[in-house]
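> next one to model:
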Amino acid sequence: MTRWNIANVFFLGMSGRRQEISFIPGAVNIITGASGTGKSALIKAIDYCLGSSKCELPVHIRRHAIAVGVKWVTGEEEMIVGRLIPPDGQATSTRMFATAGKNLLLPTSLDDFDGATTLDAAKSFIQRAFGIGDLSHLPDDAGETKGRTSVRHVTPYLFVTKEVIDSETVLLHGMEQPDKAKDIVATMPYFLRATDEESAMAERKLRQIRRALAVEEGRERSRRAAETALKQRAVGLINEAHRFSLADQPNSDADEGELLVQLKAIAETEDDPTSYPSEGEIGYLHATRKEILAGLTAARRKRQAARLALADASGFQGAVTRQRNKLNLAEHLKLGEAAHLCPLCDAPSERGHETAAALARTLAKVRDESIAVERVRPQLVELDDTLTSEINRLNRDLRETDEKITSWLRQTDETRRLASVAQARAHLQGKIAFFLQTSAEEPKQLGPDLAVLRDEIIQLEARVDRESRDIRLKRAESKISQYASEALAFLPTVAPCVGSELYFSSKEPEVRVIEGDGKGTMLRMPDVGSDQNYLAIHIALAFGLQRYFGEVDAPVPGILVLDQISRPYFPAQSADEDEKAISGGEEDEDIMAMRRHIDFLFKEVERQHGLQVLLIEHAYFEDDVRYVAATRERWTRSSGKALIPLDWPMRS
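A predicted model of the protein is given here:
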């Protein structure tokens with residue numbers, strides 16, 4: 001399949017003016033010139049027409065141009081995408097134009113643009129043209145679409161900008177921005193063809209349902225805790241009513257609804273109370289509490305002893321196993337079959353017979369001990385579980401008894417404080433009525449059926465074959481590492497990169513340098529040092545990725561835009577400096593290294609079918625026939641040319 005390339009980048013100005021920069025698909029295209037002529041703004045123009053959220057075009061362009069557009073081509077298919085340029089002081093514009101067809105003509109004014117649309121619709125249009133699956137209809141729990149695959153996630157593989165080209169920390173364009181880096185990493189498996197649209201949607205939905213399940217499980221725990229507190233409070237009130245002979249002793253097995261019905265009956269009763277809280281009841285409760293504490297202490301002591309025994313059994317079993325392995329030497333030497341002979345010289349040996357018999361007896365004893373340990377271990381584990389259940393039950397009984405004691409003391413204090421038993425009864429009924437009222441004002445909120453969510457997770461896990469995806473991802477990383485290493489071998493480097501290989505990982509993502517010193521020492525990017533090495537690594541990785549994309553027919557355009565690969569070799573240019581013309585003669589190491597880079601670009605484009613390179617460069621190799629022929633624009637001080645002509649009028 002022919003990959004998408006760029007045929008034109010154009011700007012529209014006032015009074016029908018148009019500036020057009022043409023490129024040749026499947027070839028090296030060079031824009032060279034002086035500083036301040038707008039060369040690097042070409043990257044921002046292309047990025048802006050790919051749906052960037054902000055317009056980062058220089059203010060000079062904003063003040064003299066009203067629209068920018070890019071014409072894409074692949075075979076006979078063409079696509080023109082345009083966008084209004086916001087005036088100075090405005091962040092962006094959401095008005096775009098997108099149309100596709102054959103033999104499309106570049107517009108000369110805004111009225112000539114076809115396919116007026118919004119920003120989101122234009123991005124969807126470009127995505128369909130590139131072949132990026134529509135995964136935008138699965139927002140996360142917050143209603144956002146973070147991590148979804150879109151046309152904005154192809155730019156890291158298209159642009160090698162000044163922030164990237166000789167950086168030791170930024171691997172791909174956009175990775176320097178944390179909010180964008182997460183999406184780049186999340187969508188990389190899709191562009192590496194480790195997953196498809198259906199699997200990506202299923203995996204994303206699986207993550208959402210897992211988050212929803214975790215949230216609902218937390219809410220369910222909170223609801224259960226609230227119900228437990230409500231039940232304990234209800235039991236306490238019924239116990240108080242029981243002391244006034246207004247109700248029977250509460251049933252500990254009753255559910256919340258039954259307890260509320262009993263409380264409602266107590267609140268509506270009009271019988272006079274006949275007794276005060278019994279003094280004997282508090283003694284019985286304290287005795288019960290003491291008995292529970294004693295049982296709890298004994299159960300904990302037994303469980304601790306059982307666990308120590310279990311640990312001793314495990315250690316003893318290990319020792320027995322080691323001894324048995326040593327004694328298996330008798331079986332290995334087959335001493336039982338010919339114990340009367342020496343195992344070395346086959347001479348008669350009565351001592352050997354006695355030794356073999358002793359070994360056999362010892363081995364049998366060790367085996368018996370091992371079987372005994374295996375028989376005891378399950379019993380100890382079962383005993384530990386039984387004691388743990390008993391401790392949990394005793395803790396529940398202790399909490400209920402403490403609540404009864406607290407209720408008795410509270411009721412006794414209130415009864416003494418009130419003038420009469422009738423007042424105490426009325427006060428209790430008022431508390432019950434208030435409790436029922438507040439409980440009724442907070443109706444139960446039934447959450448989703450967690451079993452349904454768990455079943456859906458199981459179904460999605462069956463659809464998401466993570467093992468196959470991981471294998472495909474590792475294969476992609478291996479291929480890209482191989483291609484990038486082959487490219488690095490052609491590029492100028494210094495130690496420790498000379499003769500080294502590159503290892504690419506998509507999880508960070510990151511690149512490691514494997515030294516070719518025979519030891520395979522693996523270095524991180526900051527360990528490499530030298531801007532020349534950083535440049536070579538980024539160039540090698542960019543071409544390695546593009547080569548892989550071409551092989552697997554990934555939905556990534558076949559274009560690389562390189563912003564001044566001469567940065568590590570020539571010092572930063574001043575704003576009024578003209579282009580650096582190179583015409584042979586005696587050359588230093590920097591110029592020879594640059595020539596190797598240029599030679600690599602031409603050879604790599606020739607090898608990779610459908611790959612287009614846009615090189616934005618300050619240097620001009622006028623003695624290189626290929627370089628001169630590939631130069632599409634040369635904006636020098638003497639020519640007066642620039643990305644936006646100097647004679648364009650200011651926009652109103």
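> packing partners for whichever strand or helix holds Gln482?
Taking DSSP states H and E as the criterion, the element that holds Gln482 is helix 466-490. For helix 466-490, the helices and strands in contact under the criterion 3 or more C-beta pairs under 8 Å, 6 or more residues apart in numbering; DSSP states H and E are strand 501-505, helix 531-552, helix 589-607. Backbone N, C-alpha and C define where each C-beta goes, glycine included.
> please work out which of the ones you listed is packed deepest.
Using mean count of other C-beta atoms under 10 Å, the stretch among those with the greatest mean number of neighbours is helix 531-552 (a mean of 23).
> just the CA atoms of it, as CSV, please.
Taking only C-alpha atoms (Å, rounded to 0.1, in the frame of the first residue of the first chain), the coordinates of helix 531-552 have been written out as CSV:
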residue,chain,number,x,y,z
ASP,A,531,25.1,15.5,21.3
GLN,A,532,26.5,13.7,18.2
ASN,A,533,25.4,10.4,19.8
TYR,A,534,22.0,11.7,20.8
LEU,A,535,21.4,12.9,17.2
ALA,A,536,22.4,9.6,15.7
ILE,A,537,20.2,7.6,18.1
HIS,A,538,17.1,9.8,17.4
ILE,A,539,17.7,9.6,13.7
ALA,A,540,18.2,5.8,13.8
LEU,A,541,15.1,5.3,15.9
ALA,A,542,12.9,7.5,13.7
PHE,A,543,13.9,5.6,10.5
GLY,A,544,13.6,2.3,12.3
LEU,A,545,10.1,3.1,13.4
GLN,A,546,9.1,4.2,9.9
ARG,A,547,10.6,1.1,8.3
TYR,A,548,8.6,-1.1,10.7
PHE,A,549,5.4,1.0,10.0
GLY,A,550,5.8,0.4,6.3
GLU,A,551,6.2,-3.3,6.7
VAL,A,552,3.1,-3.8,8.9
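> how far does it sit from the chain's center?
The gap between the average C-alpha position of helix 531-552 and the chain average comes to 24 Å, counting by C-alpha atoms, centre = their mean, to the nearest Å.
> show me what whichever helix or strand comes after it is packed up against.
Beyond helix 531-552 in the direction of the C-terminus, DSSP H and E gives the next helix or strand as strand 559-563. Packing partners of strand 559-563 (3+ C-beta pairs under 8 Å, 6+ apart): helix 41-49, strand 159-160, helix 531-552, strand 612-617.
> what residues of strand 559-563 count as buried?
The neighbour-count criterion (16 or more other C-beta atoms under 10 Å) identifies Ile559, Leu560, Val561, Leu562, Asp563 as the buried residues of strand 559-563.
> wait, which of the helices and strands packed on strand 559-563 is closest to Leu246?
If you check each of those against Leu246 by C-beta to C-beta, helix 41-49 wins as the nearest, at 78.3 Å.
> residues of the helix or strand just after the closest one that come out buried?
Later in the chain than helix 41-49, the nearest helix or strand by DSSP H and E is helix 59-64. By neighbour count with 16+ other C-beta under 10 Å, helix 59-64 contains the buried residues His60, Ile61, Arg62, His64.
> ok, the next helix or strand after helix 59-64: who's next to it in the sheet?
Of the helices and strands lying after helix 59-64 in sequence (DSSP H and E), the nearest is strand 65-74. Based on DSSP bridges, the pairing partners of strand 65-74 within the sheet are strand 5-13 (antiparallel), strand 77-84 (antiparallel).
> the longest one vs strand 559-563, what angle?
Think strand 5-13. Strand 5-13 and strand 559-563 meet at an angle of 60 degrees, taking axes from the mean of the first three to the mean of the last three C-alpha atoms, to 10 degrees as the criterion.
> please state the offset of the helix or strand just after strand 5-13 from the chain centre?
For strand 5-13, the succeeding helix or strand toward the C-terminus, using DSSP H and E, is strand 18-22. From the chain centre to the centre of strand 18-22 is a distance of 42 Å (C-alpha atoms, centre = their mean).
> likewise stretch 93-113?
Its chain's C-alpha centre and that of stretch 93-113 lie 38 Å apart, by C-alpha atoms, centre = their mean.
> before we move on, what about stretch 98-118?
On the basis of C-alpha atoms, centre = their mean, stretch 98-118 is displaced by 39 Å from the centre of the chain it belongs to.
> and of the strands paired with strand 65-74, who's closest to Glu382?
Relative to Glu382, the nearest member of the strands paired with strand 65-74 by C-beta to C-beta is strand 77-84, separated by 71.3 Å.
> shaky segments in the stretch 201-350 of the chain?
Low-confidence regions of the stretch 201-350 of the chain, defined here as pLDDT under 70, cover residues 201-203, 223-229, 243-245, 248, 250-257, 270-279, 313-350.
> again, only using 50
273-274 (pLDDT under 50).
> still on that earlier bit, in TSV, list the helices and strands packed on helix 466-490 along with mean pLDDT and distance to Ala433.
Below are those laid out as TSV (pLDDT from 0 to 100; distance: least, C-beta to C-beta, whole Å):
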stretch	mean pLDDT	distance to Ala433
strand 501-505	94	67
helix 531-552	94	73
helix 589-607	92	85
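> and those as CSV, adding distance to Asp179?
As requested, those are exported to CSV (distance: least, C-beta to C-beta, whole Å):
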stretch, distance to Asp179
strand 501-505, 22
helix 531-552, 22
helix 589-607, 33
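> go through these and name the closest to Arg233.
Taking C-beta to C-beta as the measure, those were each checked against Arg233, and strand 501-505 came out nearest at 56.6 Å.
> mind listing what that closest one pairs with, with the direction of each?
Taking DSSP bridges as the criterion, strand 501-505 pairs within the sheet with strand 510-514 (antiparallel).
> give the rounded mean pLDDT of the partner strand.
Predicted confidence along strand 510-514 averages 93 (mean pLDDT).
> ok, now stretch 623-638?
Per-residue pLDDT values over stretch 623-638 give a mean of 91.
> and it, how far from the chain's centre?
Going by C-alpha atoms, centre = their mean, the spacing between the C-alpha centre of stretch 623-638 and its chain's C-alpha centre is 45 Å.
> try stretch 294-306
On the basis of C-alpha atoms, centre = their mean, stretch 294-306 sits 46 Å off its chain's mean C-alpha point.
> contacts for that stretch next, please.
Leu380, Leu383, Asp384, Leu387, Thr388, Glu390, Ile391, Leu394, Asn395, Leu398 (C-beta atoms under 8 Å, 6 or more residues apart in numbering).
> contacts only, for the fourth one.
Read it as Leu387. Listed by C-beta under 8 Å, 6+ apart, the contact set of Leu387 reads Ala299, Lys302, Arg303, Ala306.
> mind listing the helices for the stretch 151-300 of the chain?
Listed from the start of the chain, the stretch 151-300 of the chain has helices (DSSP state H, counting those that start in this stretch) covering 178-191, 197-243, 256-268, 279-327.
> can you convert these into CSV and add a column each for mean neighbour count?
Listed next are those as CSV, based on neighbours: other C-beta atoms under 10 Å:
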stretch, mean neighbour count
helix 178-191, 18
helix 197-243, 16
helix 256-268, 16
helix 279-327, 14
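> adding distance to Leu491, write the ones you listed out as CSV.
Below are those laid out as CSV (distance: least, C-beta to C-beta, whole Å):
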stretch, distance to Leu491
helix 178-191, 24
helix 197-243, 34
helix 256-268, 74
helix 279-327, 57
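> the ones you listed: which one's closest to Ile6?
Nearest to Ile6, of all these, is helix 178-191, at 19.1 Å by C-beta to C-beta.
> helices and strands around the closest one, which ones?
For helix 178-191, the packing partners by 3+ C-beta pairs under 8 Å, 6+ apart are helix 197-243.
> surely Ile292 and Leu394 touch.
Yes. Ile292 is within contact range of Leu394, at 5.6 Å (criterion: C-beta atoms under 8 Å).
> can the strands paired with strand 65-74 go into JSON lines with extra columns for mean neighbour count?
Converted to JSON lines, the strands paired with strand 65-74 look like this (neighbours: other C-beta under 10 Å):
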{"stretch": "strand 5-13", "mean neighbour count": "22"}
{"stretch": "strand 77-84", "mean neighbour count": "22"}
